[in-house]
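> Predicted coordinates and the sequence they were generated for:
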Amino acid sequence: MLKRIQAEKAKLIAEGKLKKEKPLAPISEDEKPFELPNGWEWVYLPEVTTYKVGKTPSTKSTVYWTNEDSGYNWVSIADLNHDGVVTETSKKVTHQALNEVFKSEPVPAGTILMSFKLTLGKISILDAPAFHNEAIISIYPSPAIDKNYLFKILPARANEGNSKSAIKGNTLNSESIAALLLPLPPKVEQHRIVAKVDELMALCDQLEQQHSNAQEAHETLVSQLLATLTQSLNAAEFNANWQRIYAHFDVLFTTEASIDALKQTLLQLAVMGKLVPQEPNDEPASELL
């Protein structure tokens with residue numbers, strides 16, 4: 001597959017339809033992060049994609065920025081929805097910015113965007129055409145790599161880096177982006193990987209929801225049991241309610257929220273006069289007053 005792509009690129013370069021790229025150094029064994037299965041290849045990002053760095057028009061030039069719906073979406077890192085879709089942006093640029101700054105059409109909907117400065121590896125899919133800033137690259141996969149497969153593996157590879165020190169840290173540059181190594185399976189296996197990842201992630205979401213439901217039920221139970229203490233009508237009822245809680249103390253109070261609720265209940269019981277026994281010989285508060 002890579003050989004076919006290289007042959008196609010060479011043809012386009014010979015026809016003057018593609019700019020000749022700086023040749024990439026062969027990937028040495030020391031640079032490979034881990035061993036791949038048979039039939040897979042380590043590739044540099046530019047071997048299987050093209051990408052483009054964005055721009056930011058001068059913020060001092062008001063002619064480049066607008067709040068009107070007729071403006072073009074402009075994506076910053078804050079607008080990226082990691083592993084999700086960019087549906088809206090906080091800022092828009094004008095047609096004048098298109099002509100004088102970007103000098104190209106907006107990035108089309110469906111394109112992968114990834115941050116490569118400060119917040120490294122934050123990745124999203126564009127929901128509508130947009131421009132983006134210089135801390136983000138828009139990425140266009142070649143036929144060798146499935147877009148969904150690239151979307152899933154790229155953040156991890158960007159954050160892990162490789163043996164080259166230039167690629168480590170929270171910021172990449174043009175050299176270190178070009179040095180990003182990606183594991184490339186056969187095309188049909190890429191599709192199978194994407195399907196399996198989606199299946200397992202859906203299972204994780206179900207487990208997360210179950211945990212959330214269980215946690216909500218736990219908090220409701222704790223709240224109701226603690227309420228029986230403050231609502232007890234007499235000492236006998238209070239003692240019975242307390243014994244029920246005390247018998248399951250180690251199960252009920254296991255989270256920060258449940259312990260906070262217990263603290264608040266204890267303070268409430270204190271001011272209600274239910275926390276310590278009453279002594280009839282104590283001087284009444286009326287005498288203090």
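Received it, and whenever you're ready, just let me know what you need.

> Just to be sure, Ser138 is in a helix?
No. Going by DSSP: H, G, I helix; E, B strand; the rest coil, the assignment for Ser138 is strand, not a helix.

> How many residues are close by the closest residue to it other than its chain neighbours?
Closest residue to Ser138 apart from its sequence neighbours, by Cβ to Cβ, 6 or more residues apart in numbering: Val107 at 4.5 Å. All C-beta spots, glycine's among them, are computed from the backbone N, C-alpha and C. Val107: 24 surrounding residues under other Cβ atoms under 10 Å.

> Identify the bridge partners of Val107.
Here Val107 sits in beta bridges with Ala130, as judged by DSSP bridges.

> And the one 5 residues further on, by the same measure?
Beta-bridge pairing for Ile112 (DSSP bridges): Ile125, Ile139.

> gap between the residue nearest to Ser138 and Tyr72?
10 Å (Cβ to Cβ, to the nearest Å).

> swap in Ala240?
68 Å.

> Could you check which of the two has the larger neighbour count?
More neighbours surround Tyr72 than the other of Ala240 and Tyr72, with 20 against 11 (other Cβ under 10 Å).

> Show me the strands in the protein, by range?
41-44, 49-53, 65-66, 72-75, 84-86, 91-93, 112-115, 123-126, 130-132, 136-141, 181-184 (DSSP state E).

> Would you mind finding the most buried of those?
strand 130-132 (a mean of 26; mean count of other Cβ atoms under 10 Å).

> ok, back up a step: ok, the residue nearest to Ser138 touching Ala128?
No. Contact criterion Cβ atoms under 8 Å: Val107 and Ala128 do not qualify, at 9.9 Å.

> May I have the residues that are in contact with the nearest residue to Ile123 once chain neighbours are set aside?
Computed as Cβ to Cβ, 6+ apart, the closest residue to Ile123 that is not its neighbour in sequence is Met114, at 4.5 Å. Shown in contact with Met114 (Cβ atoms under 8 Å, 6 or more residues apart in numbering): Gly121, Lys122, Ile123, Ser124, Ile136, Ile137, Ile139, Leu154, Pro155, Ala158.

> Nearest the geometric middle of this protein, what residue?
His82 (3.6 Å; Cα atoms, centre = their mean).
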